[in-house]
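Peer 1: Could you look at this predicted model? Sequence included:
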Amino acid sequence: MSLIILDRDGVINEDSDDFIKSPDEWKPLPGSMEAIAQLKNAGWQIVVATNQSGIARKLFDLDTLHVIHDKMHRLAHEYGGGIDAIFFCPHGPKDGCDCRKPLPGLFTQISQRLNVSLENVPCIGDSLRDIQAAQTAGAQPVLVRTGKGTKTLYAAQGIEDVPVYCDLKQAVNALLAGTLMNSI
């Protein structure tokens with residue numbers, strides 16, 4: 001089974017500078033649930049790796065995060081897909097953890113828990129920190145223009161070799177067609 005790692009906010013669902021603090025605020029991006037279903041039906045293992053510093057900032061608690069993730073799981077299943085695991089960093093930017101992207105701690109956890117190498121595993125994100133964490137972990141970063149992606153594309157350095165797609169659906173189509181790693 002092939003593995004893919006997805007960022008959450010800005011890739012699967014709409015992003016917000018004010019954080020996604022409730023299930024009502026969690027809204028899937030157009031085509032994202034269909035893309036997850038395509039991956040699952042093609043035999044992919046789907047893992048989400050997401051920074052959730054709203055917990056450390058006391059904007060929402062773990063119970064609320066679980067309800068948000070329950071909504072994401074339910075919608076993925078309604079579209080015929082599924083998400084195998086969610087790894088999240090609950091820490092704030094100044095907490096000194098190793099799991100907050102751009103550090104690779106979440107990716108290390110995924111690798112250890114699933115007992116797999118992340119070498120060349122596609123990791124789809126919308127921010128520079130997603131790209132950097134994937135690169136540090138030896139995975140294959142992919143940038144989408146949704147969320148913070150367009151801003152990241154024009155503001156970031158060191159991502160010249162990273163494939164860029166309009167959204168998760170387009171990236172998944174390229175991946176399943178075997179052209180993901182060849183596109184920029």
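Peer 2: On my side now, so go ahead. Numbers count the residues shown, from 1 in each chain.
Peer 1: can you pull out the helices in the chain?
Peer 2: 32-41, 62-78, 105-114, 128-136, 149-155, 168-177 (DSSP state H).
Peer 1: Residue 86: which of the ones you listed is closest?
Peer 2: Residue 86 lies closest to helix 62-78 among the helices of the chain, at 5.5 Å (C-beta to C-beta). (Glycine included, C-beta is placed from N, CA and C.)
Peer 1: Give me the residues contacting the worst-scoring helix or strand of the chain on mean pLDDT.
Peer 2: One helix or strand of the chain scores below all others by mean pLDDT, DSSP states H and E: helix 149-155, with a mean of 92. Identification of contacts with helix 149-155 by C-beta atoms under 8 Å, 6 or more residues apart in numbering yields 10, 126, 127, 128, 131, 143, 145, 159, 164.
Peer 1: buried set for that helix?
Peer 2: For helix 149-155, a neighbour-count test (16 or more other C-beta atoms under 10 Å) marks 149, 152, 153 as buried.
Peer 1: Return the residues in contact with residue 28.
Peer 2: 12, 13, 14, 72, 75.
Peer 1: out of these, which is most surrounded?
Peer 2: Highest neighbour count within the contacts of residue 28: residue 12, with 28 neighbours (other C-beta atoms under 10 Å).
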